[in-house]
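J.: Build me a model from this:
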Amino acid sequence: MTIGAGGHALRPMMWMFVAILVTFLVTRTVTRLIRSGSGAGAGLGDLQVAGVHVHHQVFGILIIIATGIVLVSATPKGTALDVAAAIFGIGVSLSLDEFALWLHLQDVYWTEDGRKSVDAIFCVLAVTGALIGGADFLSGRVGTATWWSSASLLAVNLLLSVICLLKGKVPTGVVGTVIGVIAFAGAVRLAKPGSWWARHRYAHRPQRAARAAHRYGPRYQRRWNRLRDFVGGAPSRERPL
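T.: This next block holds a predicted model:
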């Protein structure tokens, strides 16, 4: 897929990418202001309906459903499709910003588990960004040599991505479905301690287990947590009730 030949196909994806990114940044700015208490002067606060805290993922899910209905029923094109893609991106961002909440089924937004929401946004931005850059799952007409070549490459990428997941590298596995180099790098490198791969493949290989523990030790965690916290805000010490 190239910009020249498929610019119209790439444009909605670009709008979705921008919408996801901007919505995430705005949402995190607002939630951090609410958390610090400095947003009260601007009228920012948690939305309460009949004493129930309505999380912004609810609005994201409703936006995704409504946009999906429009895309299926009206099949918009041109500018209308761009607008639908942007609105869909807003819904995706609002939903994934609280990914950790619907994964753990409790309010873990400002806990260490809440960092999974930032990881989810990173994954979606990487995948949509790769698609904008020209990455494609399948190319050519079905049955042609080009199609079979792209299908074989996709199968290899998916296999490598599964290996990444088994090694405990979830973001790498997700992004690797569209960026084969990342999937390959994650598949050939050491598994994270505690992952399925480490438990089954390193049980009788203490040297490799030790290398994995050293590579993915506290320094590694601190490095990635600094990036997550810079973007999404540092977690609180208290666990939710």
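
J.: who's in contact with stretch 222-241?
T.: With contacts defined as Cβ atoms under 8 Å, 6 or more residues apart in numbering, stretch 222-241 is touched by 28, 31-32, 35, 106-108, 110-112, 114-115, 117-119. The C-beta positions use only the backbone N, C-alpha and C, and glycine is treated the same way.

J.: Stretch 74-93 now?
T.: With Cβ under 8 Å, 6+ apart as the test, stretch 74-93 has contacts from 11-13, 15-21, 23-24, 27, 59-64, 67-68, 70-71, 121, 124.

J.: give me that answer again for 6 Å
T.: The contact list for stretch 74-93, computed with Cβ atoms under 6 Å, 6 or more residues apart in numbering, reads 11-12, 15-16, 19-20, 23-24, 60, 63-64, 67, 70-71.

J.: Report the mean confidence score over that stretch.
T.: pLDDT averaged over stretch 74-93 equals 95, rounded to a whole number.

J.: Then stretch 112-124?
T.: 94.

J.: Just the buried residues of it, please?
T.: 112-124 (16 or more other Cβ atoms under 10 Å).

J.: Please identify which of the residues you listed is nearest to A191.
T.: Nearest to A191 out of these is D119 (Cβ to Cβ; 17.7 Å).

J.: Just list the residues touching that closest one, thanks.
T.: Contacts of D119 by Cβ under 6 Å, 6+ apart are P171.

J.: Over to the residue in the chain sticking out farthest from the centre. Which of the three states is it?
T.: Ranked by distance from the centre of the chain (Cα atoms, centre = their mean), the top residue is H204, with 34.2 Å. Under DSSP: H, G, I helix; E, B strand; the rest coil, the three-state class of H204 is coil.

J.: packing partners for the longest helix anywhere in the chain?
T.: Using DSSP state H, we find that the single longest helix of the chain is helix 3-36. Applying 3 or more Cβ pairs under 6 Å, 6 or more residues apart in numbering; DSSP states H and E, one finds that helix 3-36 contacts helix 79-96, helix 115-132.
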